[in-house]
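**Q** sequence unavailable; structure follows:
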């Protein structure tokens, strides 16, 4: 069902193992983070569709602004047919200045989806816009590995709009 997810998971695990032995990063100096996540997309087909994904955050120091790139891979149930969906998102995030153990953020950006499948699906590409909000745990306990949750609303140019809920872990590299 999730043909490419094994390779994606292997890359995430290799990156986590490669950098997990470095010392903890300081909370104020976090510039680059990578991570993995699981996504629930109740609107992709007619039922809830689970996916896996990768993400990278590049923060602009002292501004509260970050650039986020995400990739989600879904293997929805298409009946007797085999189909897959991949979504790429490029977002601009703004972290709210809240001095607590969590970091809320808002963002917007571009979304690109490609369907591949047999027979009825064929290959389709769609473009859209993401609107998102999330929460990252931080503080002394979560310096290197930071759990997060994110809610995203996607407006597509020629298909139905959809909601996506993601959760995962960010690994601060620098």
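**A** In hand now; what should we look at? No experiment lies behind these values; they were computed from the predicted model shown.
**Q** neighbours of residue 37, how many?
**A** 20 (other C-beta atoms under 10 Å). Where C-beta positions appear, they are placed from N, C-alpha and C, glycine not excepted.
**Q** next up, the contacts around it.
**A** Applying C-beta atoms under 8 Å, 6 or more residues apart in numbering to residue 37 gives the contacts 52, 53, 54, 55, 70, 148, 150, 166, 167, 168, 169.
**Q** from the middle of its chain, how far away would the helix or strand the first one falls within be?
**A** Going back to what we said before, that points to residue 52. Assigned by DSSP states H and E, residue 52 falls within strand 49-60. Average the C-alpha atoms of strand 49-60, do the same for its chain, and the two points are 3 Å apart (C-alpha atoms, centre = their mean, to the nearest Å).
**Q** find the residue at the geometric middle of the chain.
**A** Using C-alpha atoms, centre = their mean, the residue of the chain that lies closest to the mean C-alpha position is residue 70, 4.4 Å off.
**Q** so where's this structure uncertain?
**A** Across the chain, the ranges flagged by pLDDT under 70 are 1-30, 43-47, 77-81, 118-122.
**Q** so which residues of it form helices?
**A** Listed in chain order, the helices of the chain (DSSP state H) span residues 5-19.
**Q** quick one, strands of it?
**A** Ranges of strands in the chain, per DSSP state E, are 32-41, 49-60, 65-74, 83-95, 102-117, 123-137, 145-156, 162-172.
**Q** buried sites along the longest one?
**A** Judged by neighbour count using 16 or more other C-beta atoms under 10 Å, the buried positions of strand 102-117 are 103, 105, 107, 109, 111, 113, 115, 117.
**Q** can you check stretch 67-83 too?
**A** Of the residues in stretch 67-83, those with enough neighbours to count as buried (16+ other C-beta under 10 Å) are 68, 70, 71, 72, 73, 74, 75, 76, 78, 83.
**Q** pairing partners for the first one in the sheet, please.
**A** Yep, that's residue 68 we're talking about. Listed by DSSP bridges, the beta-bridge partners for residue 68 are residue 57, residue 91.
**Q** what does the fourth one give?
**A** Taking DSSP bridges, one finds residue 53, residue 87 as the beta-bridge partners of residue 72.
**Q** is it true that it touches residue 39?
**A** Yes - between residue 72 and residue 39 there is a contact at 5.3 Å, judged by C-beta atoms under 8 Å.
**Q** list the beta-bridge partners for residue 32.
**A** Here residue 32 sits in beta bridges with residue 58, going by DSSP bridges.
**Q** could you report the neighbour count for it?
**A** Residue 32: 14 neighbours (other C-beta under 10 Å).
**Q** show me what contacts it?
**A** By C-beta under 8 Å, 6+ apart, the neighbours of residue 32 are 56, 57, 58, 59, 172, 173, 174.
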